[in-house]
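>>> Structural data only, the sequence is not supplied:
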């Protein structure tokens, strides 16, 4: 059984032609003096309108007699805490669905992370889901916007994770920690334009949209593994070296698959959320810097030749 409301995520181009198209498109826009459309996250005016966004109903992606799957808002806790009036997933759902006697948590999402969040509606479903998560049989896919342009289109990070003794909240890469593996796939490269929350100053930074498939499930695993390869998540206050003061951390739980059993037969339940980052990258201004030709390997050589050809053609067009 598969429930999906989104087309397949786009993959990064691997041939010369998409790169050439983007460069020629950029030149064409410059020649006609037509600025590319700038997609801004909530600026100071929009923030005033969205300060009470947690007063809005939570989007329900899927619901049946056993499962209740939502699109969790970013910057929102899962559970209520004593003496706290802060809106949480639990408090919002209780108000929105008073007919549901109890929502049972079967996994967690970080406070700042949005996206697919699964709740069970009875003890049987909760026990089944908890077992699947405990045995690491659940397949999870995330998307994120990260700093900079990744040089390759795919990565496999195998770095153990442990608590950071110098910080109560953070984790760290530690060879003595628990094993952690993540597959990373580039979906799109571009520029992220935003207004700083504190200063209102408009900035534009190189960014890459990636698909993340964690094999293990350590705390802050995706955030740490992206930082480890030199491309931390945009808006990640704890792991960016230079914090990007934008409206949220750009990490989203995009899809989850539960290999459920029904009458001793496996029935995969796949739930897909919407992509909140779909319009946040502009590709019109991507520049391809000159590269030194190095003979360290065939891949590096081919990549250098590709960029040289693109640069040569685009310079010829610029002169015409």
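Right, received. Where do you want to start? It should be emphasised that the depicted structure is a prediction, and the values quoted were computed from it without experimental measurement. Numbers count the residues shown, from 1 in each chain.
>>> What segments of this structure are helices?
Under the criterion DSSP state H, the chain contains helices at 16-31, 44-50, 89-96, 123-134, 221-228, 298-319.
>>> For those, which has the smallest mean pLDDT value?
Across the helices of the chain, helix 44-50 has the smallest mean pLDDT, namely a mean of 36.
>>> who does the residue nearest to residue 174 when sequence neighbours are not counted bridge with?
In space, and not counting its chain neighbours, residue 174 is closest to residue 162: 3.7 Å by Cβ to Cβ, 6 or more residues apart in numbering. C-beta: built from backbone N, CA, C; applies to glycine. On the basis of DSSP bridges, residue 162 is bridged to residue 172.
>>> low pLDDT regions in this protein?
Along the chain, the model assigns pLDDT under 70 to residues 1-51, 262-265, 284-320.
>>> So which residue is dead centre in it?
Compute the mean C-alpha point of the chain, and by Cα atoms, centre = their mean the closest residue is residue 144, 2.0 Å away.
>>> Report the beta-bridge partner residues of it.
Beta-bridge partners, per DSSP bridges, of residue 144: residue 210, residue 251.
>>> show me the contacts for it.
Going by Cβ atoms under 8 Å, 6 or more residues apart in numbering, residue 144 touches 209-210, 212, 222, 226, 233-234, 250-252, 277.
>>> Quick check: it vs residue 167, distance?
Counting by Cβ to Cβ, to the nearest Å, the gap from residue 144 to residue 167 is 22 Å.
>>> before we move on, what about residue 273?
Per Cβ to Cβ, residue 273 is found 30 Å from residue 167.
>>> measure the closest residue to residue 241 other than its chain neighbours to residue 180 for me?
Spatial nearest neighbour of residue 241, excluding adjacent residues (Cβ to Cβ, 6+ apart): residue 232 at 7.2 Å. As defined by Cβ to Cβ, residue 232 lies at a distance of 16 Å from residue 180.
>>> Ok, residue 211 next?
For residue 211, the distance to residue 180 equals 17 Å [Cβ to Cβ].
>>> Would you mind telling me which of the two has the busier surroundings?
residue 180 (24 against 20; other Cβ atoms under 10 Å).
>>> residues in contact with that one?
Contacts of residue 180 (Cβ under 8 Å, 6+ apart): 157-161, 214, 216, 218, 221, 224-225.
>>> Please repeat the previous calculation with a cut-off of 7 Å.
Residues near residue 180 by Cβ atoms under 7 Å, 6 or more residues apart in numbering: 159-161, 216, 218, 221.
>>> Of residue 273 and residue 167, which one has the most company?
Using other Cβ under 10 Å as the criterion, residue 273 and residue 167 rank with residue 273 on top: 25 against 10.
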